[in-house]
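Asker: here you go, sequence then predicted model.
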Amino acid sequence: MVLAVLCLFQRAFAQDKAHSIYLKVGDKMPDVAIVNIINAHYKTAKVSDYKGKLILLDFWSTWCSACIDGFSELDSLQRQYSNKIQVFLVNPLREHDTEKGVKIVLNRMNDWTAKPFKLPIVFKDTSITANFNFHSLPHCIWIGPDGTVIGITGKEEVTRQNIEKGIAGEHIEALQKTH
């Protein structure tokens with residue numbers, strides 16, 4: 001009973017603490033392991049494997065038509081800037097997509113394009129997703145060549161001009177998405 005009464009006078013810090021762990025523009029991306037990679041010749045990687053390149057993390061789900069509509073443009077940008085950027089399509093675990101559903105999307109992308117769709121998909125991700133606070137998709141995270149978060153945007157800001165700024169390590173001058 002005394003413990004219950006004491007609990008009434010304690011402040012709860014769980015919400016404040018949770019908000020402080022999310023990365024924002026200017027923060028360094030931790031060197032997390034990227035696992036469950038499909039549509040690539042490798043199954044795992046680390047963020048540090050791409051040091052010196054712009055990393056674009058495109059969070060998506062199989063139910064998000066706006067996400068999928070941008071895949072062919074992302075694939076084209078990856079091909080054009082292959083030595084300077086790495087695009088990852090990040091499918092968060094919380095979206096509850098199945099591998100079969102993701103493969104259906106892949107097959108459709110291959111049917112709709114002249115060249116094989118090459119973007120790696122991080123399937124059922126938890127390690128990357130845990131670093132960012134977002135509620136809507138698509139959601140794009142820009143990590144500069146030095147490992148610093150340089151942009152948090154929607155799909156509209158993924159343009160050749162912004163890609164070139166990102167390759168140079170410049171802050172993406174675009175509408176910064178908050179959630």
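Answerer: Here it is on my side, so go on. Numbering: from 1, shown residues only.
Asker: and the strand ranked longest in the chain, which strands flank it?
Answerer: What stands out as the longest strand in the chain, according to DSSP state E, is strand 85-92. Counting by DSSP bridges, the strands paired with strand 85-92 are strand 54-59 (parallel), strand 121-125 (parallel).
Asker: SS state for S48?
Answerer: helix (DSSP: H, G, I helix; E, B strand; the rest coil).
Asker: just to check, it is in contact with D31?
Answerer: Yes - assessed by C-beta atoms under 8 Å, S48 is found in contact with D31 at 4.6 Å. Bear in mind the C-beta positions are built from the backbone N, C-alpha and C, glycine included.
Asker: okay, and the common contacts of these two?
Answerer: By C-beta atoms under 8 Å, 6 or more residues apart in numbering, S48 and D31 have these common neighbours: G147.
Asker: on that earlier part again, gap between the longest strand of the chain and the chain center?
Answerer: Remark: strand 85-92 is offset 5 Å from the chain centroid, using C-alpha atoms, centre = their mean, to the nearest Å.
Asker: coming back round to it: export the strands paired with strand 85-92 as TSV, with columns for distance to V149 and mean neighbour count.
Answerer: Formatted as TSV, those follow (distance: least, C-beta to C-beta, whole Å; neighbours: other C-beta atoms under 10 Å):
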stretch	distance to V149	mean neighbour count
strand 54-59	10	24
strand 121-125	17	23
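Asker: got the phi/psi numbers for the residue nearest to V47 when sequence neighbours are not counted?
Answerer: Among residues not flanking V47 along the chain, D31 sits closest, at 5.0 Å (C-beta to C-beta, 6 or more residues apart in numbering). Note on D31: its backbone torsions stand at phi -80, psi 70 [degrees, to the nearest 10].
Asker: now for D31: which residues touch it?
Answerer: 46-48, 147.
Asker: among those, who's most crowded?
Answerer: With neighbours taken as other C-beta atoms under 10 Å, the top of these is V47, carrying 22 neighbours.
Asker: separation between that residue and F134?
Answerer: Look at V47 and F134: by C-beta to C-beta, to the nearest Å, they are 18 Å apart.
Asker: and if you look at D58?
Answerer: Going from D58 to F134 by C-beta to C-beta gives 12 Å.
Asker: and A168, how many residues sit next to it?
Answerer: Neighbours of A168 (other C-beta under 10 Å): 12.
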